[in-house]
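**Q** Return atomic coordinates for the entry below.
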Amino acid sequence: MYPVSSQKKSWTFANEGQLMAFRVEQNNKYIEEHEAEAQAYDDLEDYFLTPAEERLLLKQYEIYLFDFCRRFDPPMPKCVVGTAFHYFKRFYLNNTPMDYHPKEILATCVFVACKVEEFNVSINQFVNNIKGDRNKATDIVLSNELLLIGQLNYYLTIHNPFRPIEGFLIDIKTRSKMPNPERLRPHIESFIDSTFYTDACLLHAPSQIALAAVLHAASKEQENLDSYVTEFLFVSAREKLPGLIDAVRKIRILVKQYQQPERDKVKAIEKKLDKCRNQANNPDSELYKERLRRLYTDEDDMPGEDASFHIADVSSDTSAMNISQ
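**A** Numbering: from 1, shown residues only. Sure, this is the predicted structure:
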């Protein structure tokens, strides 16, 4: 039940300003700890990423995340996709991309989501969906698994909006006069996919997101469900109606205002990140490799020096995401 869940208590926040404060705090903390690395720069912003640049970068990797899940073989259940997005967004409330590159955290979020949602794929099956050096992909995913779970405070159960959506559709079929409510489904699914790119899941209850999707779909089909909401859903709790209407309005605004990041800007940010990222967490750095060597008894098991792998399809519009670069 969402009302008594860790998701509501620990991972649902009051407003976007609160989320921004967390992100700025992590950015400032990293810069304070690594300021000595930027001694050659008069302005720290020329070396380190700004909070705005971090947000733009993470938006691009959310596109990669969705594309990876969409192309996954065997086909991935929607609940796994939703849970992976939750994990990815939560992780970067407590961390900065300069400390942990999103290309390395992304795959781990999806892998852990598969486990939690009981979508049974082995690590070998999982990395078969990744292009390039799959041994190195396996090493990076598994080495980040406990890190991710710890950063989520071990709260792994996610309440997605998919069950509330099914409940609403059944109820609409039963109590409203709308003909063929199933025709709403494509619009609902499209709307939910759009919410993944926003902070809606960190700000609103799954039932609110589900209702926003249903009402959006109804408007696309030139249907009006206002009377259904007021006369049936809240007939015995009208005092809650204004809050729900406000939440639905805010969710629809989040989706409407979303803009895809410009690839040229993202490329410049990625180039900047290559300089300022934490080398202790960079699989291609000597510091990281030395630490990894201590975990291996046979150096022949070490990933190759030039090994790399890709989450996004090289031929896709979103370009390739090389996790080892």
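**Q** ranges for the strands of the chain?
**A** 131-132, 309-310 (DSSP state E).
**Q** ok, the spatially most central residue of the chain to residue 124 distance?
**A** By Cα atoms, centre = their mean, the chain has its centre lying nearest to residue 85, at 2.7 Å. Counting by Cβ to Cβ, to the nearest Å, the gap from residue 85 to residue 124 is 24 Å. Placement of C-beta: from N, CA and C, glycine included.
**Q** try residue 246
**A** For residue 246 relative to residue 124 (Cβ to Cβ), the value is 48 Å.
**Q** for residue 280, same thing?
**A** 28 Å.
**Q** And residue 189, by the same measure?
**A** 30 Å.
**Q** of the two, who's got more company?
**A** residue 189 (15 against 9; other Cβ atoms under 10 Å).
**Q** Count the neighbours of the closest residue to residue 73 other than its chain neighbours for me.
**A** Of all residues not flanking residue 73 in the chain, residue 129 sits nearest, at 6.1 Å (Cβ to Cβ, 6 or more residues apart in numbering). Neighbours of residue 129 under the rule other Cβ under 10 Å: 20.
**Q** right, and residue 129 touches residue 72 too?
**A** Yes: with contacts counted by Cβ atoms under 8 Å, residue 129 reaches residue 72, the gap being 5.4 Å.
**Q** gap between the two ends of stretch 228-239?
**A** In stretch 228-239, first residue to last residue: 16 Å (Cα to Cα, to the nearest Å).
**Q** what's the offset of it from the middle of its chain?
**A** Mean-position distance between stretch 228-239 and its chain equals 33 Å (Cα atoms, centre = their mean, to the nearest Å).
**Q** could you list every residue that touches the closest residue to residue 203 other than its chain neighbours?
**A** Leaving aside its sequence neighbours, residue 203 sits nearest to residue 13 (Cβ to Cβ, 6+ apart; 6.0 Å). Contact analysis of residue 13 by Cβ atoms under 8 Å, 6 or more residues apart in numbering lists 19, 202, 203.
**Q** Could you save the residues you listed as CSV and add columns showing distance to residue 65?
**A** Converted to CSV, the contacts of residue 13 look like this (distance: Cβ to Cβ, whole Å):
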residue, distance to residue 65
19, 18
202, 15
203, 19
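**Q** Can you tell me which of these is nearest residue 253?
**A** residue 203 (11.3 Å; Cβ to Cβ).
**Q** rank the strands of the chain by pLDDT, which is bottom?
**A** Note on the strands of the chain: strand 309-310 shows the lowest mean pLDDT, a mean of 64.
**Q** residue boundaries of the helices in the stretch 51-200 of the chain?
**A** Using DSSP state H, counting those that start in this stretch, the helices of the stretch 51-200 of the chain run over residues 51-71, 78-94, 102-116, 123-127, 134-151, 162-175, 185-195, 200-203.
**Q** and if you look at the stretch 201-325 of the chain?
**A** Taking DSSP H, counting those that start in this stretch to define them, one finds helices in the stretch 201-325 of the chain at 206-220, 226-228, 241-257, 263-276, 286-293.
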